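*Asks:* Based on what follows, work out the 3D shape:
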Amino acid sequence: LKLMKPASPIVGCCFATMPLDIRTLGATVEMADAEVARTSIFEAPTRHLSAGESYAATLVEELDTDLTGQTKVWIPALGREVWGTEADLDENAYGAAAVALIKDITKLHYQISNKVPWEAISLTIVRLCFALGIMVVNLLFQATILYYIYTFVVEPSVKNVQVMYAEFRAGIFDEHGNIDDEAWANYEGKSEVCQITMSNLNFYFGILVLWSLLMMDELRKCERVVRDIAAIRHVDKLEDQLCYSHRNGYDVDGVCLVVGLTTPMKWTVLITVCVPRAIIGLVLLFLGYQWLASSASFADMTLNAMALEFVKNIDEILYDSVLPRQLKQDIADTNVFKIEERKTKKDLDAAEWKAYRRTGLWVIVMIVGLVGFSICVQTVLPFDLTELNNHCTAQRTDSQTPI
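*Replies:* Have a look, this model is predicted:
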C-alpha cells in the first residue's frame, strides 16, 4: 500500500478514484508511520545487555561439542545416550597392560559365558598374555638397569669425584682452612678438579632442572592416567565396562570405549600399572640427581642426562619394537569415556583454572625437591663450592682458548 501512495497530482487522481476501503487503509498506514516516527524520536531505545551481563549469560549456556570436546554415546547398560569426554590411554607398555586388563579380560569373560569357539578364545588369551608380558619385561628391564646403574655407575662415579675433591682439599688448603695460592698454582690436578660440575652452580642446576622437567612429564602422565581411571563410572558387571562402535564389537573389535569399571578392575589397573610406573619414575629421578651430581666433567654430565632418558623410554622402545601392528592398533582404538553433563563456559573456565593450579603445584614440588636434594639429601660433595669455582675461572678460560 505504501507503493500505491501518490507521488504526483496525476497519480493522486488515480489514487483518489480507488475504492473507499483502499483509501481508508492507506490513511491508516500513514498514521502508523507517523506513530513510529514519533516513538523513535521521543522514546528511549531498547536496552542492550552490558558486557558483564552478556558474559554472565554465556557462562551458563551449553556450548557446542567442537568447543567442549564432548561426544554423545549410547550406553546399552543405561539404555540412553549420555554426554562425556574421551581420553587416550598411553601407547606404551603401561598402556598396553591397562588395555589388556580392562578390554581383554572383559572380552574373555564374554566369550566364555557365550560359549564362543575356542579359536576366538585362544586369540584373546594370546593378546592378553602378550600385552601383560611386555609390561612384565618392561618392569624387569627398568628395575634391573636401575640397579646396575646404581651399583656400577652411580656409586663409582660418586667415589671418584669425592676422591678427586679430597685430594684437592689435602693438597691446596693450609692448616687454617684457606686456599694456598702458591700450592694452587703448582697443583697438577687443576684441570680435573675444575671440571667438577657442582663447582659451577649455573650449569649444575640447569642440567638438573632439565632432568626434573623430563621426569615431571613422565610422572604427570602417570597422574593423568590415575585421574582418568578414577573418573570412570562404577559398574557392577564386567560386560557393562565396554561400549563398541560396532554392534558386534565383541566379535569384530573396532573402536572401543571404556565406559565403566568394576571396583576390583579399577584397583587392579591402578596397582599393577600406575603404582609401578610411579615408583620407577621416582627412583629414576633420584638416581638421575645423584648420578648427575657426581659427574666428573661438564661433558659427562650432559651425556649422562641423555643416557638417563634412554632408561626412561624403555617402555616405549618395547612397545614400538615388539608388539604386533594389529595389537598396537587395538590399543590405539581403545579410549576411556568419562560421563559428564553438557559443559558450559563456566565449566571450561573452572577446568582451566584447576589445570593451572595443578601445574603450579607440580612446579613447586619440583623446585622444592630439587633444592632439597641439592642442599640436604645429596651426599656427593658439599653444596657450596664457590671458593673452588673462583679459583677455576682462569683455568677454564685457559682451557677454552684455542691454540
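*Asks:* CA atoms for contacts and neighbours, from now on please.
*Replies:* Will do.
*Asks:* My read is that residue 128 contacts residue 105, right?
*Replies:* Yes. Residue 128 is within contact range of residue 105, at 7.5 Å (criterion: CA atoms under 8 Å).
*Asks:* In which helix or strand does residue 164 reside?
*Replies:* Secondary structure from DSSP states H and E places residue 164 in helix 155-172.
*Asks:* Which other helices and strands does that helix contact?
*Replies:* Applying 3 or more CA pairs under 8 Å, 6 or more residues apart in numbering; DSSP states H and E, we find helix 155-172 packed against helix 181-185, helix 190-193.
*Asks:* ok so, going back, if you count surrounding residues, which of residue 128 and residue 105 has more?
*Replies:* Shown here are residue 128 and residue 105; by other CA atoms under 10 Å, residue 128 has more neighbours (22 against 17).
*Asks:* How about the more buried one: what's its closest non-neighbour residue?
*Replies:* Using CA to CA, 6 or more residues apart in numbering and skipping residues adjacent in sequence, the residue nearest residue 128 is residue 100, 5.2 Å away.
*Asks:* Pull the number of nearby residues for the one you found.
*Replies:* 23.
*Asks:* And it, how far from residue 136?
*Replies:* Per CA to CA, to the nearest Å, residue 100 is found 13 Å from residue 136.
*Asks:* got it, and residue 305?
*Replies:* 26 Å.
*Asks:* Over to residue 257?
*Replies:* Distance, residue 257 to residue 136, by CA to CA: 25 Å.
*Asks:* okay, these two: which has more neighbours?
*Replies:* Remark: of residue 257 and residue 136, residue 257 carries more neighbours, 23 against 16, as counted by other CA under 10 Å.
*Asks:* pretty sure that one is touching residue 335, no?
*Replies:* Yes. Under the criterion of CA under 8 Å, residue 257 makes contact with residue 335 at 5.1 Å.
*Asks:* Mutual contacts of these two, please.
*Replies:* residue 86 (CA atoms under 8 Å, 6 or more residues apart in numbering).
*Asks:* just to revisit the earlier point, only the C-alpha atoms, please, for the helix holding residue 164, written as CSV.
*Replies:* Coordinates of each C-alpha in helix 155-172 appear next as CSV, following Å, rounded to 0.1, in the frame of the first residue of the first chain:
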residue,chain,number,x,y,z
GLU,A,155,78.5,-45.4,43.3
PRO,A,156,81.8,-45.5,41.4
SER,A,157,81.2,-42.1,40.0
VAL,A,158,80.4,-40.7,43.5
LYS,A,159,83.6,-42.2,44.9
ASN,A,160,85.7,-40.9,42.0
VAL,A,161,84.6,-37.3,42.4
GLN,A,162,84.9,-37.5,46.2
VAL,A,163,88.5,-38.8,45.9
MET,A,164,89.3,-36.0,43.4
TYR,A,165,87.9,-33.3,45.8
ALA,A,166,89.6,-34.9,48.8
GLU,A,167,93.0,-34.7,47.1
PHE,A,168,92.3,-31.1,46.2
ARG,A,169,91.5,-30.3,49.8
ALA,A,170,94.5,-32.1,51.1
GLY,A,171,97.0,-30.5,48.7
ILE,A,172,95.7,-26.9,48.4
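*Asks:* And that helix, what's buried?
*Replies:* 157, 158, 160, 161, 162, 165, 168, 171, 172 (16 or more other CA atoms under 10 Å).
*Asks:* Likewise for stretch 307-318?
*Replies:* Applying 16+ other CA under 10 Å to stretch 307-318 flags 308, 311, 312, 314, 315, 316, 318 as buried.
*Asks:* In contact with the second one, which residues are there?
*Replies:* With contacts defined as CA under 8 Å, 6+ apart, the neighbours of residue 311 are 142, 145.
*Asks:* Could you confirm it falls within a helix?
*Replies:* Yes. Per DSSP: H, G, I helix; E, B strand; the rest coil, residue 311 lies within a helix segment.
*Asks:* Just the pLDDT for it.
*Replies:* Here, the pLDDT recorded for residue 311 equals 85.
*Asks:* Next: the last one.
*Replies:* Note on residue 318: pLDDT of 90.
*Asks:* Would you agree it is in contact with residue 91?
*Replies:* No. Using CA under 8 Å, residue 318 and residue 91 do not qualify as a contacting pair, with a distance of 10.8 Å.
*Asks:* And the residue nearest to residue 128, how close does it get to residue 273?
*Replies:* Counting by CA to CA - residue 100 and residue 273 are separated by 11 Å.
*Asks:* just residue 389 next, same as before
*Replies:* Taken as CA to CA, the span from residue 389 to residue 273 is 45 Å.
*Asks:* before we move on, what about residue 280?
*Replies:* 11 Å.
*Asks:* ok, now residue 163?
*Replies:* 41 Å.
*Asks:* Go through the helices and strands packed on helix 155-172 and pick out the most buried.
*Replies:* Of all these, helix 190-193 carries the top mean neighbour count, a mean of 16, counting by mean count of other CA atoms under 10 Å.
*Asks:* Quick one: distance of that helix to the chain centre.
*Replies:* Centre-to-centre, helix 190-193 and its host chain are 42 Å apart (CA atoms, centre = their mean, to the nearest Å).
*Asks:* Equivalent analysis for stretch 127-141, please.
*Replies:* With CA atoms, centre = their mean, you get 24 Å for stretch 127-141.
*Asks:* And stretch 75-85, by the same measure?
*Replies:* Relative to its parent chain, stretch 75-85 has a centroid offset of 27 Å by CA atoms, centre = their mean.
*Asks:* ditto for stretch 69-81
*Replies:* That offset, for stretch 69-81, works out to 26 Å (CA atoms, centre = their mean).
*Asks:* Going forward, the N-terminal residue is numbered 645.
*Replies:* Noted, 645 is the first residue going forward, which turns the last one into stretch 713-725.
*Asks:* From the rest of the structure, what touches that stretch?
*Replies:* With CA under 8 Å, 6+ apart, stretch 713-725 has contacts from 709, 726, 727, 728, 729, 730, 884, 887, 903, 986.
*Asks:* from those residues, which would you call buried?
*Replies:* Here, 16+ other CA under 10 Å leaves 726, 727, 728, 729, 730, 884, 887, 903, 986 buried among those.
*Asks:* Kindly list the main-chain dihedrals of the last one?
*Replies:* Summarising the backbone geometry of residue 986 under the convention degrees, to the nearest 10, its torsions are phi -60, psi 130.
*Asks:* just the third one next, same as before
*Replies:* Backbone dihedrals for residue 728, given as degrees, to the nearest 10, come out at phi -170, psi -180.
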